[in-house]
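Peer 1: Build me a structure from this.
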Amino acid sequence: MAEKSTQQGLVYLIGAGPGDPDLITVKGRDCIARADIVIYDYLANDALLTHARPGTQLIYAGKVGGQHNREQWQINELLVEKALAGNVVARLKGGDPFVFGRGGEECEALLAAGIPFEIVPGVTAGIGAAAYAGIPLTHREFTTSVAFVTGHESPGKDVSEIDWQGLSLGSGTIVFYMGVKNLPLIAANLIAHGRSADTPVALVRWGTRPEQEVITGTLATIAEAVRLRGFKAPAITIVGDVVSLRDKLRWFDNRPLFGKRVVVTRAADQAGAFSRKLADLGAQVLECPTIEIVPPEQWSQLDEAIAGLSDFDWLVLTSANAVQYFFARLQALGKDSRALGACRVCAVGPKTAALLRTQGVKADLIPTDYKGEGVVTTLRSQEIRGTRVLFPKGDRAREVIEKGLKALGAEVIAPVAYRNITPASLSAEVVQALEERRIHCITFTSSSTVQNLAALLGENRLLRLLEGVLVASIGPITSRSCRDLGLAVHVEPREYTLDALTDEIVSAFAAHD
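Peer 2: As a prediction, this is how the structure comes out:
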């Protein structure tokens, strides 16, 4: 467990938001990072736990098998117990802790025990899910009022405390929380108390998440529509004329990759930008690193080359890994980019060149064909006979550049700057999703990503699991590795970049749909 932050315990009641982890407040994120213990709910996105410090105790207080893991009184006692032990506790609750979140009850328990607490508001599900469904809860042409109502009152009540008459006649938009099970009763009560049976209704399930679902109807039809579709909780119900604006204002669930589950096989420390690009287009991204990039077994060859860097005419860098490991080693040896002197630099493509600029170096050459053959073709025009070329490479790099440049009369020094190793295991979540046929697309950005996946799964199992899955390859070399294993390649961009690969994936799904 992390070292205690204070002698006296403290509890932060934090609204985790409606599901999209980016919707947590800055203060909420910072409080998670300060905590010794995080106690989190079923509706709090697990991604938020990554903001906790290493060693923080994580305690799940949500549902297991559809049943509550802990009753509310047990959660109250747990908060008191952990705080009295001197811990800073982050109580992470879906939505907002004070909007149908029972945060008030937890505060009362803390107050009775003399434990200080702070409330960190969050985006409540009724607001967040409605916004992501394209439904404005108020609109001056429709209504200027909104009511938030529980759709699941305490079962111990003899009489409903909901003012059905007031809701039906006096309110504009009505948002019901936790009301899927009671939807027939809700619709019937509203109609019985004066709300038109033609009033538009929408239910939003898993609002703000990639798996968001929306179903619409009217008070007269919605219960049967939900039953026929098998629409389940958790969902919020929106009643009012503003629901009619959804078709015009929907923005989240009509993005080109919405509803598609895409596997990214890049190394864990490199998947982020690509995953974000896909997620911004609506995809549910599952990261499954099939490679790990690690230092070489020994640095002597690269160190020797760096020591004689002034004797080289060209430096060839063919990946982001090459840039990162070469300049990291340069700095470890007490040097920086000035050590390149008059040495010219060839970067395999625009992304590699962009990363190179972060080191204060502008590429002198960028091939139009972003692979080894393109490097050789481009340097052929540079009269490199008799020159010395430094090519820091990965341990699995193809021999195209070395052989090609040597054939042109250059002396090529090619030390290993990094190694590509196979992880010990694959993401269990991704393997299960593949087994259950829930994956729509898998991406391969190097030959190693597909070869390592085959090594971890076994070739026969790989072929079985990827039946019916769109296979997207970054370029012809990777595609060849896929086909060597018996995989059909459905997507391969003309330009071998992640941007182009993303565009082609979008086009492939658009053509299929």
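Peer 1: Could I get the full set of strands for the stretch 151-300 of the chain?
Peer 2: Using DSSP state E, counting those that start in this stretch, the strands found in the stretch 151-300 of the chain span residues 173-177, 200-205, 213-218, 235-239, 261-264, 284-287, 292-294.
Peer 1: surely residue 438 meets residue 261?
Peer 2: Yes. Counting by C-beta atoms under 8 Å, residue 261 is a contact partner of residue 438 at 5.9 Å. From N, CA and C alone the C-beta is placed, and that goes for glycine too.
Peer 1: Compare the two and say which is more crowded by neighbours.
Peer 2: More neighbours surround residue 261 than the other of residue 438 and residue 261, with 20 against 12 (other C-beta atoms under 10 Å).
Peer 1: picking up where we left off before, including mean pLDDT and distance to residue 25, could the strands of the stretch 151-300 of the chain go into JSON lines?
Peer 2: Formatted as JSON lines, those follow (pLDDT from 0 to 100; distance: least, C-beta to C-beta, whole Å):
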{"stretch": "strand 173-177", "mean pLDDT": "96", "distance to residue 25": "20"}
{"stretch": "strand 200-205", "mean pLDDT": "97", "distance to residue 25": "21"}
{"stretch": "strand 213-218", "mean pLDDT": "97", "distance to residue 25": "25"}
{"stretch": "strand 235-239", "mean pLDDT": "96", "distance to residue 25": "20"}
{"stretch": "strand 261-264", "mean pLDDT": "96", "distance to residue 25": "28"}
{"stretch": "strand 284-287", "mean pLDDT": "94", "distance to residue 25": "24"}
{"stretch": "strand 292-294", "mean pLDDT": "91", "distance to residue 25": "34"}
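Peer 1: mind giving me the domain split of this protein?
Peer 2: Per the record, the chain has its domains at 10-123, 127-249, 261-291+423-512, 294-420, by automatic domain parsing.
Peer 1: Residue 255 is nearest to which of those domains?
Peer 2: For these, proximity to residue 255 was assessed by C-beta to C-beta; domain 261-291+423-512 is nearest, at 3.3 Å.
Peer 1: just checking, residue 105 touches residue 75?
Peer 2: No. Residue 105 lies out of contact with residue 75 (C-beta under 8 Å); the separation is 9.0 Å.
Peer 1: need the strands of the stretch 151-300 of the chain in CSV with distance to residue 428, can you?
Peer 2: Converted to CSV, those look like this (distance: least, C-beta to C-beta, whole Å):
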stretch, distance to residue 428
strand 173-177, 33
strand 200-205, 25
strand 213-218, 25
strand 235-239, 28
strand 261-264, 13
strand 284-287, 11
strand 292-294, 17
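Peer 1: Of those, which is nearest residue 307?
Peer 2: Going by C-beta to C-beta, the one of the strands of the stretch 151-300 of the chain nearest residue 307 is strand 292-294, 23.1 Å.
Peer 1: which residues touch the helix or strand following the closest one?
Peer 2: Using DSSP states H and E, the next helix or strand after strand 292-294 towards the C-terminus is helix 300-307. Identification of contacts with helix 300-307 by C-beta atoms under 8 Å, 6 or more residues apart in numbering yields 296, 312, 326, 329-330, 333, 335, 339, 390, 392, 413, 415-417.
Peer 1: mind checking pLDDT for residue 153?
Peer 2: Residue 153 carries a pLDDT value of 61.
Peer 1: Pairing-wise in the sheet, spell out the partners of the nearest residue to residue 211 once chain neighbours are set aside.
Peer 2: Counting by C-beta to C-beta, 6 or more residues apart in numbering, residue 211 lies nearest to residue 284, which is 6.3 Å off, once chain neighbours are set aside. Per DSSP bridges, the residues bridged to residue 284 are residue 261.
Peer 1: you'd agree residue 284 is up against residue 264?
Peer 2: No. In this structure, residue 284 is not within contact of residue 264 by C-beta under 8 Å, at 11.2 Å.
Peer 1: just to revisit the earlier point, can you put the contacts of helix 300-307 in a markdown table and add secondary structure, distance to residue 384 and neighbour count?
Peer 2: Formatted as a markdown table, the contacts of helix 300-307 follow (DSSP: H, G, I helix; E, B strand; the rest coil; distance: C-beta to C-beta, whole Å; neighbours: other C-beta atoms under 10 Å):
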| residue | secondary structure | distance to residue 384 | neighbour count |
| --- | --- | --- | --- |
| 296 | coil | 26 | 18 |
| 312 | coil | 12 | 22 |
| 326 | helix | 20 | 23 |
| 329 | helix | 24 | 21 |
| 330 | helix | 23 | 20 |
| 333 | coil | 26 | 15 |
| 335 | coil | 25 | 15 |
| 339 | helix | 21 | 14 |
| 390 | strand | 12 | 25 |
| 392 | coil | 17 | 28 |
| 413 | strand | 14 | 17 |
| 415 | coil | 19 | 20 |
| 416 | strand | 22 | 19 |
| 417 | strand | 21 | 28 |
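Peer 1: which among these gets closest to residue 426?
Peer 2: When the contacts of helix 300-307 are compared against residue 426 (criterion: C-beta to C-beta), the nearest one is residue 296, at 24.9 Å.
Peer 1: And the closest one, how far from residue 419?
Peer 2: Separation of residue 296 from residue 419 (C-beta to C-beta, to the nearest Å): 6 Å.
Peer 1: ok, residue 496 - contacts?
Peer 2: 349, 370-371, 474-475.
Peer 1: my read is it is in a helix, agree?
Peer 2: No. Using DSSP: H, G, I helix; E, B strand; the rest coil, the assignment for residue 496 is coil, not a helix.
Peer 1: Give me the spatial nearest neighbour of it, chain neighbours excluded.
Peer 2: The shortest distance from residue 496 to any non-neighbouring residue, by C-beta to C-beta, 6+ apart, is to residue 475 (3.6 Å).
Peer 1: Please apply the same query to residue 481.
Peer 2: Excluding the flanking residues, the one nearest residue 481 by C-beta to C-beta, 6+ apart is residue 447, at 3.9 Å.
Peer 1: So the one you found sits against residue 479, correct?
Peer 2: No. Counting by C-beta under 8 Å, residue 447 does not reach residue 479; the two are 9.2 Å apart.
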